[in-house]
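Asks: okay, here's the prediction I keep looking at, along with the sequence it came from:
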Amino acid sequence: MSTYNGEKYLAEQIDSILAQKDVHVELFIRDDGSSDSTRDIITKFAEKHNNIHANFGSNIGWVKSFITALASAPGYDYYAFSDQDDVWKPEKLSVATSAIKNVEALRGRNVPVMWHSSLSFTDENMNVLFVKRMDKTICTLESCLTRLQGAGLAMVFNARVRELVGRVDAIGYYHTSHDLMAMEVTYAFGGTVIFSQETYVLYRQHSNNVMHTPVTFFAQFKREIRRFRNIKGEIANHANGLLKTFGNELTPSVRKTLTIVAEHKHNFLYRMIIVFSPKFRTGDIRRTLIGKIRVLLGKL
């Protein structure tokens, strides 16, 4: 968990993590320089529970803070990201780890495996606004290189994913989001992502969300336009980072896909491949169209 000025909802989220059934949980919290009472809340929880580990750092930004927190927790079988303001249902981790174990039994523990819950979007008081069914998501390496298809708060993954994320981070290719990094490496290494039809996370929407999700169509459209203006070349940097980090460990097919994305700005043929290939799509026409326009402008 990474925290920053999260005093309003933090205790409720920590309580929901401590209430997880049928699993042993160790909670590693890195505070990213809070100036409210967040650190006091964390300290009180850590003094009461020996499975809560607190790290109070300076402000380095939420993406790097999450990755730093992840790096501080070695030697575990399974990992999960947690925001500071949501609520987890008590069965979340037990359902997730059981599903991951089933895949590992078939494919081995050296294969990256991720589980992803569907999402119940709520208002500040935990009244459900709508449910996003993640099992209907189009999700491949290509779709991730078009637009993040998941949310960190709903992810649980095995130790292999954590190890791969750490290797990307180590050479300095920081992403626009920690969860995108985790999903990209899972697909790049031929891993499995399990999408749950059921919701195990109450995703609280409020004015202070770092990644607030608009509810109305017009609010969503405005956010997409804002993203179009602000995101310029980060995804190409992601692809380049994966190539630089893993090189020949990747299959020729994956290397080719990453090369197309990494070099699309300087190669007209690559831009046409991304625009016309049915693989580079998100399942959302609006997001896919905006992504294709960015490709044509060399700004993916």
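Replies: Looks like it came in fine.
Asks: where does pLDDT dip in the stretch 101-250 of the chain?
Replies: By pLDDT under 70, the weakly predicted segments of the stretch 101-250 of the chain are 148, 171-176, 207-233.
Asks: do a quick rundown of the strands in it.
Replies: Along the stretch 101-250 of the chain, the segments classed as strands by DSSP state E, counting those that start in this stretch run 113-122, 128-132, 155-158, 192-204.
Asks: of the ones you listed, which stretch is the most buried?
Replies: Most buried of these by mean neighbour count (mean count of other C-beta atoms under 10 Å) is strand 155-158; its value is a mean of 25. For glycine as for every other residue, the C-beta is placed from the backbone atoms N, C-alpha and C.
Asks: given that one, what are its sheet partners and their directions?
Replies: Each strand that strand 155-158 pairs with, and the sense of that pairing, follows from DSSP bridges: strand 78-80 (antiparallel), strand 113-122 (antiparallel).
Asks: I figured Asp123 hits Phe130, correct?
Replies: No: between Asp123 and Phe130 no contact is recorded; they are 10.8 Å apart, counting by C-beta atoms under 8 Å.
Asks: how many other residues sit next to Ile260?
Replies: Other residues within reach of Ile260, judged by other C-beta atoms under 10 Å, total 21.
Asks: now do the SS call for it.
Replies: Three-state secondary structure (criterion: DSSP: H, G, I helix; E, B strand; the rest coil) places Ile260 in helix.
Asks: what's it in contact with, if anything?
Replies: Ile260 makes contacts with 267, 270, 273-274, as judged by C-beta atoms under 8 Å, 6 or more residues apart in numbering.
Asks: swap in Ile17?
Replies: Residues in contact with Ile17, defined by C-beta under 8 Å, 6+ apart, are 1, 25, 27, 82, 88.
Asks: just the buried members of the residues you listed?
Replies: Members of the contacts of Ile17 that pass the buried threshold by neighbour count (16 or more other C-beta atoms under 10 Å) are listed as 1, 27, 82, 88.
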